[in-house]
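A.B. asks: Provided below for reference: sequence and predicted model.
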Amino acid sequence: MITLDRLVNVLGGYGVRLCGHPEARSAWLRSVAMPETADRHVTGDVLLAIGASSVAEAVRWAATAQATAVLVRPAQTGPGGESGSGADAEREAAAIGGRHGVAVLLADPAVSWSQLAGMVYGLVLESRETASGRGPTDLFALADSLADVIGGAVTIEDRHSRVLAYSRSQQAGDPARLETVLGRRVPDRLRELFQQQGVFARLAVTDEPVFVPADPEHGLTGRMAVAVRAGRELLGSVWVTCERPLTGAHRHALADGARTVALHLLRSRASADLERQVESDLVIRLLEGSADAATMISRLGLAPQAMRVIAIRAHATDDRHAALLLAFEQATTGFGWSRPGRSALLDDTLYTILPAEQAEAARQWIAALHSELPARVRVTAGIGAPAEVTELPAGRQEADECLALHESARPGAVPPAYDESWDGILLQRLRAAARTGRTPARGPVSTLLRHDTRHGTCFVATLRAWLETQGDLTLAAEQLKVHPNTVRNRLRKMRELAPLDPDDARRRLAMTIMLAALDDERTR
């Protein structure tokens, strides 16, 4: 069961266009129907009008079938069977559908009916959403069934120890399970415990259930865990509380349950991966500059309003790429219409287009994403200024620059937004120029910096304080935590080494800019 809006978003990447009836986008679709040769009077929320000679005929079939939407694959003809331009065909299809209260989906003739039917059936009949994100709702029913058979509390987790489903029964439950269910993932302290005991290592290489002994210190009764696997790929695990290792029928039930969970996760992932691919392609086209940006935004289900581009990098000491993929998975978890932004992975960066006028809304989105990642993952981010649809490529460049600024900031700094941090961006560009050797090698600042390096003096820091305080020796001394006479003596020696020209405003400005470009610990 999905909404028409999501169906349109996914199929839009394959050339399917929604013609009129925008109010139907929020309608739920629970069933699919195809007209039979012997009996055209079938019913369903989505009708695949295979064999219709025109859009008009397809809409009549859909109205009879009480369908919300009809998918039509015209053979290069207009709604009534006549030839016509794409725009004309869409307008006439919208008019016909409007008269009958049916949303018309016009498919590209190049896409086969078998491909269209496969996607529609998969999305409508296989897609589900749970409280913990993507996944079939009947995983909870499966967890309940396993709990009833085995006699323990069951938890189904993905390969990152995030909870996908759990049994309602609390029999044999314990504080550790309660904390896991409430937090929707295994707490870090328990993950470390299982890591030390070699539980994860055994699940990675065996399909046999693994027993985890009780640990009262961690609020943990006994556990039996089994890997959920598709071929050699580990998809997740099933955990059941038990005082001693399971044997006989209970052990077989757990192993069989893991295989059933694998089938559910594979079907769910197929649907999720399809939507992620379509979403990513559209986002990348917008960020790289699309001639039809308004259509791209519409396919993503976003209104044409002010948006910000967010650039994110995720880092983990054990595996940087895994952390980034985990962030992308989290950013795209849940159906498109239930998420505020749309995301894509490009090289080593996660980009998200977020409808937001204020930078704080983007920071809250970043914080929410970070909170869903393991504690070991560090997130850096940059936020572009508010942009119209056609300005998103510029917004991406702004987000990239802010991301670089955040990566060089002190730990705990808030992600910068371009419209709030233009001064930091300017100085960052100057520092980048300085690192490529594009600053003068013979000016006063360079001369004083070489002298400091060779003789251990503090002339550059003194020059900076003197310029920042506009030549006030007392304030400069306070900043440097020295006596004013010390500043006076340093300035005298500095003038002997280099022409400071304190009365020349252009020279003072040039020295200030160069000090900003060289802003690091050596110059303070």
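C.D. replies: Looks like it came in fine. Numbering: from 1, shown residues only.
A.B. asks: rest of the way, CA atoms for contacts and neighbours
C.D. replies: OK.
A.B. asks: Show me the strands in the stretch 301-450 of the chain, by range?
C.D. replies: Remark: strands assigned in the stretch 301-450 of the chain by DSSP state E, counting those that start in this stretch are 307-315, 342-346, 349-355, 378-383.
A.B. asks: next one: the stretch 151-300 of the chain
C.D. replies: Along the stretch 151-300 of the chain, the stretches classed as strands by DSSP E, counting those that start in this stretch are 154-158, 163-166, 210-212, 223-230, 233-241.
A.B. asks: strands paired with the second one, and their directions?
C.D. replies: Meaning strand 163-166. Strand 163-166 sits in its sheet next to strand 154-158 (antiparallel), going by DSSP bridges.
A.B. asks: Next: the shortest one.
C.D. replies: Taking DSSP bridges as the criterion, strand 210-212 pairs within the sheet with strand 223-230 (antiparallel).
A.B. asks: Now do the partner strand: everything it contacts.
C.D. replies: If you take Cα atoms under 8 Å, 6 or more residues apart in numbering as the criterion, strand 223-230 is touched by 203-204, 206-214, 234-246, 254-255, 258-259, 261-262, 266.
A.B. asks: Return the residues in contact with residue 4.
C.D. replies: Applying Cα under 8 Å, 6+ apart to residue 4 gives the contacts 24, 25, 26, 27, 28, 29, 69.
A.B. asks: I'd say the first one and residue 45 touch.
C.D. replies: No - under the criterion of Cα atoms under 8 Å, residue 24 lies out of contact with residue 45, with a separation of 11.5 Å.
A.B. asks: neighbour-wise, which of those two wins?
C.D. replies: residue 45 (21 against 16; other Cα atoms under 10 Å).
A.B. asks: And the average pLDDT for stretch 430-448 is what?
C.D. replies: In this model, stretch 430-448 carries a mean pLDDT of 72.
A.B. asks: Throw the strands of the stretch 151-300 of the chain into TSV and include mean neighbour count and distance to residue 500, thanks.
C.D. replies: What follows is the strands of the stretch 151-300 of the chain, written out as TSV (neighbours: other Cα atoms under 10 Å; distance: least, Cα to Cα, whole Å):
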stretch	mean neighbour count	distance to residue 500
strand 154-158	25	65
strand 163-166	26	65
strand 210-212	20	73
strand 223-230	24	71
strand 233-241	23	67
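A.B. asks: Just put those in JSON lines and tack on distance to residue 403 and mean pLDDT.
C.D. replies: Formatted as JSON lines, the strands of the stretch 151-300 of the chain follow (distance: least, Cα to Cα, whole Å; pLDDT from 0 to 100):
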{"stretch": "strand 154-158", "distance to residue 403": "30", "mean pLDDT": "92"}
{"stretch": "strand 163-166", "distance to residue 403": "31", "mean pLDDT": "90"}
{"stretch": "strand 210-212", "distance to residue 403": "43", "mean pLDDT": "94"}
{"stretch": "strand 223-230", "distance to residue 403": "37", "mean pLDDT": "90"}
{"stretch": "strand 233-241", "distance to residue 403": "32", "mean pLDDT": "90"}
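A.B. asks: List just the one of these that sits closest to residue 36.
C.D. replies: When the strands of the stretch 151-300 of the chain are compared by Cα to Cα, strand 223-230 sits nearest residue 36, at 36.5 Å.
A.B. asks: just the angle between that closest one and strand 233-241, please?
C.D. replies: 160 degrees (axes from the mean of the first three to the mean of the last three Cα atoms, to 10 degrees).
A.B. asks: With only the CA atoms kept, save strand 223-230 in PDB.
C.D. replies: Taking Å, rounded to 0.1, in the frame of the first residue of the first chain, the C-alpha atoms of strand 223-230 are listed here in PDB:
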ATOM      1  CA  ARG A 223      19.900 -14.500  24.100                       C
ATOM      2  CA  MET A 224      19.800 -16.700  21.000                       C
ATOM      3  CA  ALA A 225      20.800 -14.900  17.800                       C
ATOM      4  CA  VAL A 226      20.700 -16.100  14.200                       C
ATOM      5  CA  ALA A 227      21.900 -14.300  11.000                       C
ATOM      6  CA  VAL A 228      19.500 -13.200   8.400                       C
ATOM      7  CA  ARG A 229      21.300 -13.800   5.100                       C
ATOM      8  CA  ALA A 230      20.800 -13.600   1.400                       C
END
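A.B. asks: any idea of the mean pLDDT in stretch 53-61?
C.D. replies: Mean pLDDT, stretch 53-61: 90.
A.B. asks: Use 9 as the first number from now on
C.D. replies: Taking 9 as the first residue, the last one we looked at is stretch 61-69.
A.B. asks: Mind putting the strands of the stretch 159-308 of the chain into CSV with distance to residue 430?
C.D. replies: CSV is the format used below for those (distance: least, Cα to Cα, whole Å):
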stretch, distance to residue 430
strand 162-166, 42
strand 171-174, 42
strand 218-220, 54
strand 231-238, 49
strand 241-249, 44
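A.B. asks: Of all these, which one comes closest to residue 192?
C.D. replies: Residue 192 sits nearest to strand 171-174 of all the strands of the stretch 159-308 of the chain, at 4.9 Å, using Cα to Cα.
A.B. asks: Among the contacts of residue 12, which are located in helices?
C.D. replies: When DSSP state H is applied, the contacts of residue 12 are split such that none fall in helices.
A.B. asks: Show the end-to-end separation of stretch 360-373, please.
C.D. replies: 10 Å (Cα to Cα, to the nearest Å).
A.B. asks: And for stretch 191-206?
C.D. replies: Stretch 191-206: ends 23 Å apart by Cα to Cα.
A.B. asks: What's the mean pLDDT across it?
C.D. replies: Averaged over stretch 191-206, pLDDT sits at 91.
A.B. asks: likewise stretch 488-497?
C.D. replies: 92.
A.B. asks: what is in contact with residue 32 and residue 53 at once?
C.D. replies: Any residue near both residue 32 and residue 53 by Cα under 8 Å, 6+ apart counts here, and that gives residue 76.
A.B. asks: what bits of the stretch 359-508 of the chain have low per-residue confidence?
C.D. replies: Residue ranges of the stretch 359-508 of the chain with pLDDT under 70: 441-449.
A.B. asks: which helix is the longest one in this protein?
C.D. replies: Criterion DSSP H: the longest helix present in the chain is helix 256-296.
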